[in-house]
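Q: Pasting a predicted model and its sequence here:
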Amino acid sequence: MNIAVAIALMVVASIVMIASYRLGSGWAKDVGPDSGYFPFYIGLIMFISSGLTLVQSIIGGRRDARVSFIARDQLFRVLQVLVPMTIFVVLSITIGIYISTFLFMSFFMIWHGRYPLYKTLPIAIAVPIVLFIVFEVWFLVPLPKGPFEAWLGY
């Protein structure tokens, strides 16, 4: 599995480096770094690290084939995060990121954190409001919105 992940990350790093090179990955005179400067070097670091992991995994030899990659309880814990996160992404596209964030945070605080409702609701309401103010008002960066935000005029 280490070999497969290392190869996959090397492919992703290559894509990042190629795209960054096209944007300009050098240092512009009197301006500073080009648009792709930092992403290119992050991709390069990722590529080298993954390459080292690949070499280490190949040299390290095969482990016992009977040992599973992930235990059943570990897989269950991963799925406890992966499934709600996938639902969050789908909801962000359909009903907007702010309402989705409220639902996601509420769910996780109650289900995983075992927080009572009186502690969950203020946090789950405040975080999307703060995100809205920071991104929509201060930085003027529109994030995905749904029908609720349209009803409010955004």
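A: Received, thanks. Residues are numbered from 1 along each chain as shown.

Q: can we go C-alpha only for contacts and neighbour counts from here?
A: Noted.

Q: Quote the end-to-end distance of stretch 21-28.
A: Stretch 21-28 stretches 13 Å from its first residue to its last (Cα to Cα, to the nearest Å).

Q: where do the strands sit along this structure?
A: 27-28, 32-33 (DSSP state E).

Q: so how far is the last one off the chain centroid?
A: Taking the mean C-alpha point of strand 32-33 and that of its whole chain, the gap between them comes to 27 Å (Cα atoms, centre = their mean, to the nearest Å).

Q: Pull up the pairing partners for that strand, direction included.
A: Sheet partners assigned to strand 32-33 using DSSP bridges are listed as strand 27-28 (antiparallel).

Q: Averaged pLDDT, the strand it pairs with. What do you get?
A: The average pLDDT for strand 27-28 rounds to 81.

Q: quick one: contacts of it?
A: With Cα atoms under 8 Å, 6 or more residues apart in numbering as the test, strand 27-28 has contacts from Pro33, Asp34, Tyr37.

Q: how does it look with 10 Å?
A: Strand 27-28 is touched from outside by Pro33, Asp34, Ser35, Gly36, Tyr37, with contacts defined as Cα atoms under 10 Å, 6 or more residues apart in numbering.

Q: didn't the last one look like it was pressed against Gly24?
A: Right, Tyr37. Yes. Using Cα atoms under 10 Å, Tyr37 is in contact with Gly24, at 6.6 Å.

Q: ok, those two, which is more surrounded?
A: Tyr37 (19 against 16; other Cα atoms under 10 Å).

Q: List the residues that contact the closest residue to that one other than its chain neighbours.
A: Leaving aside its chain neighbours, Tyr37 sits nearest to Ser25 (3.9 Å; criterion: Cα to Cα, 6 or more residues apart in numbering). Contact analysis of Ser25 by Cα under 10 Å, 6+ apart lists Met17, Ile18, Ala19, Pro33, Asp34, Ser35, Gly36, Tyr37, Phe38, Pro39, Phe40, Tyr41.

Q: The closest residue to the second one other than its chain neighbours: neighbour count?
A: Spelled out, it's Ile18. Sequence neighbours aside, Phe40 is the residue nearest to Ile18 in space, at 7.8 Å (criterion: Cα to Cα, 6+ apart). Neighbour count for Phe40, taken as other Cα under 10 Å: 25.

Q: This completes my enquiry, with thanks.
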